[in-house]
Each structure stands twice: as C-alpha cells, then as structure tokens.
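Asks: here is a sequence with its predicted model. Questions after.
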Amino acid sequence: MEIKQLSDFVAVCRAGSFAAASRRINTSQPGLGYQIKQLEAELDVTLLERHSRGVSLTPAGILFLQKAEKILEAVTEARGAMVPFRAGRRVALRIGLSPTPARLVGRAIAALCADLPNVEFTLREGYSEDLIDLALRGDLDIAITLSDQRRPGFRMRSLYREKLCLIGKPAAQALPDGPITLQDLSHIPIVAGPRGHIVRERLMAAALAAGIALNIVQELDPSGLRRSLVVYGDQPTVAAPGVFIDEYERQLLQAWPLEPSIGLDVTMLAAATVPPALEEALCAAVMAAMTPFAGLMDAIAA
C-alpha cells in the first residue's frame with residue numbers, strides 16, 4: 001500500500017467522481033482508476049461503487065476513508081517534524097492561489113523575495129477546492145483560498161475580508177461614488193462567473209433573499225475571459241476588488257461596494273511542514289499589501 005494510493009482514493013472520495021478528481025489533482029483518469037483498483041485488490045474489498053453519476057462509498061470504503069485521512073495527516077505531521085533539521089538549507093515553498101487573492105498576494109510574495117533570499121517561491125493559480133485537494137496530496141505547502149473549512153494536518157488562519165463590488169469603467173456606468181444597492185444593481189447588465197463558484201453563489205443568495213432578479217447577460221468561465229471583457233470592454237461584473245486591483249489602482253476601473261455588504265473571507269491553509277516563522281512573514285506581507293485598499297478589503301479581527 002502506497003501513500004499515493006491513499007491520497008488518490010481520498011481525492012476521488014472528496015470530488016465524487018474519477019473525472020472531477022483527475023481535473024482537481026491534474027492527473028489522468030485511467031491512472032486514478034488503476035490506483036484505486038490496485039488498492040481494492042490488495043485489501044480484497046470493494047471501496048467504491050461506480051455509477052453514472054460518479055462514485056459512492058461502500059461500508060468498507062467509509063471506514064477506510066477515515067483511516068486513510070488519519071494516515072495522510074500523520075504523514076504530513078512527520079514531514080513537519082523534520083523541518084528543524086533542515087535549518088540553513090534553501091526552502092522551497094509551493095503556494096496555491098485562488099483568482100480572488102492572487103494579485104494582492106502575488107505582490108506580497110514579490111516583496112518577500114527580496115527579504116528572504118533563501119526561500120524559493122513556486123506559485124500556482126486555481127479554484128479553491130482544486131488547490132485544497134493538491135495541498136492535501138502534498139503537492140502544495142500553502143493554499144490561499146476562499147474556503148473556510150479546516151483540514152487535518154493543516155493550520156488555518158483568516159487573512160482578510162473582501163467586499164463584493166460592481167466593477168466597471170467609470171464613464172460606462174455613470175454611477176455616483178459610494179455603495180450601490182442590490183435594487184440599483186438589478187437594472188445594470190452584468191457578466192458573471194460560473195454557477196457553483198462562491199462569488200456567484202453569494203451574490204445570487206443575497207439577491208434571492210432581497211427578492212431581486214439580477215440582469216446577467218453573459219456567463220463566463222474561466223475567469224480570464226470575464227476579466228478581459230470587463231477591462232477591455234464596457235461590460236461590468238460583480239467581483240471581489242482584488243481580482244482587478246491593478247486596474248483599480250490605475251483608475252481604469254471603479255469599484256462600487258454592494259449594499260448590504262457581501263463579504264468574502266480569504267484564508268490560508270499551511271501544512272505542518274511550513275516553518276511558523278515563514279508563515280508569519282507571509283501573513284505580515286499580505287497585511288502590508290492590503291492596507292492601501294482599506295474599505296474594500298479589511299483585516300479580520302482575531
């Protein structure tokens with residue numbers, strides 16, 4: 001039995017299907033299937049029931065999932081215990097960033113590179129759940145995402161909160177400065193991210209609670225397409241301001257916070273292998289990068 005087999009099994013269970021798991025952890029679907037079959041053959045039990053909607057756990061699979069998660073947590077802790085013995089060596093830190101905090105945190109990491117010459121940063125961008133799966137597999141050391149779920153073997157801390165805003169070109173929107181109500185937003189054609197994404201879901205939940213129908217004229221995924229339409233066209237969107245932080249600073253785009261406020265918490269999952277001092281340095285750099293944008297994003301009180 002190999003650690004990779006356990007991590008692949010856990011990834012499939014969390015994703016609910018081989019196809020979704022292969023996308024999240026960036027591996028082939030046949031390879032995942034082979035690993036699980038080998039695991040089941042060694043254990044001489046059926047762990048997963050395959051069906052048209054994906055997979056479901058058998059009674060044996062439910063018990064084995066609990067054991068596998070504990071084993072992976074112990075492996076992560078064992079790796080962390082070896083950190084003090086690597087003192088003086090170059091540290092490689094693999095960081096996953098979801099699109100919302102990517103640009104702000106990227107600035108913080110750029111500042112850290114000069115202060116921490118012995119740390120080699122490798123960055124990867126992706127959706128929150130995909131990054132968390134990669135971290136749980138040991139392919140990332142830190143995941144900075146919009147997920148607030150604690151994971152075994154990882155330290156979790158809240159970094160800051162962003163307020164959802166209408167983002168667009170000032171001249172194209174002809175709106176006064178200051179917050180915009182959901183009622184006013186309902187009269188503005190907007191482009192939106194895909195269904196299921198946390199920003200879209202939070203916005204739709206707030207509109208539903210207020211009894212308001214939003215005017216979504218286009219739905220775009222990946223986020224880069226939506227970004228191009230907002231930056232280079234006249235079509236606004238609703239997003240966290242950090243996604244458009246460069247254009248906001250250059251006054252190419254304006255941000256109108258929604259009222260009532262809809263907040264998104266940016267959190268950091270750090271593996272036990274990450275030295276606490278390095279984690280603190282990264283957090284301090286993020287706070288410094290965030291300070292000029294107070295009002296649109298704010299530190300979360302401990």
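Replies: Arrived safely.

Asks: list the contacts of the closest residue to His187 other than its chain neighbours.
Replies: What sits nearest to His187 in space, not counting adjacent residues and going by C-beta to C-beta, 6 or more residues apart in numbering, is Asn215, at 6.9 Å. Quick note: C-beta positions are derived from backbone N, CA and C, even for glycine. Residues near Asn215 by C-beta atoms under 8 Å, 6 or more residues apart in numbering: 186-190.

Asks: now the strands for the stretch 51-200 of the chain?
Replies: Along the stretch 51-200 of the chain, the segments classed as strands by DSSP state E, counting those that start in this stretch run 54-57, 91-97, 119-125, 142-145, 154-163, 165-168, 180-181, 190-192.

Asks: low pLDDT regions in this protein?
Replies: 80-89, 172-173, 222-223, 301-302 (pLDDT under 70).

Asks: which helix runs longest in it?
Replies: helix 59-81 (DSSP state H).

Asks: packing partners for that helix?
Replies: With contacts defined as 3 or more C-beta pairs under 8 Å, 6 or more residues apart in numbering; DSSP states H and E, the packing partners of helix 59-81 are helix 3-15, strand 263-271.

Asks: JSON lines for those, including distance to Val286 and mean neighbour count?
Replies: Formatted as JSON lines, the helices and strands packed on helix 59-81 follow (distance: least, C-beta to C-beta, whole Å; neighbours: other C-beta atoms under 10 Å):
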{"stretch": "helix 3-15", "distance to Val286": "27", "mean neighbour count": "21"}
{"stretch": "strand 263-271", "distance to Val286": "8", "mean neighbour count": "21"}
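
Asks: Lys169 versus the spatially closest residue to Leu136 that is not a sequence neighbour, what's the distance?
Replies: Here the nearest residue to Leu136 in space, its sequence neighbours aside, is Arg151; by C-beta to C-beta, 6+ apart that works out to 6.3 Å. The spacing between Arg151 and Lys169, counted by C-beta to C-beta, to the nearest Å, is 40 Å.
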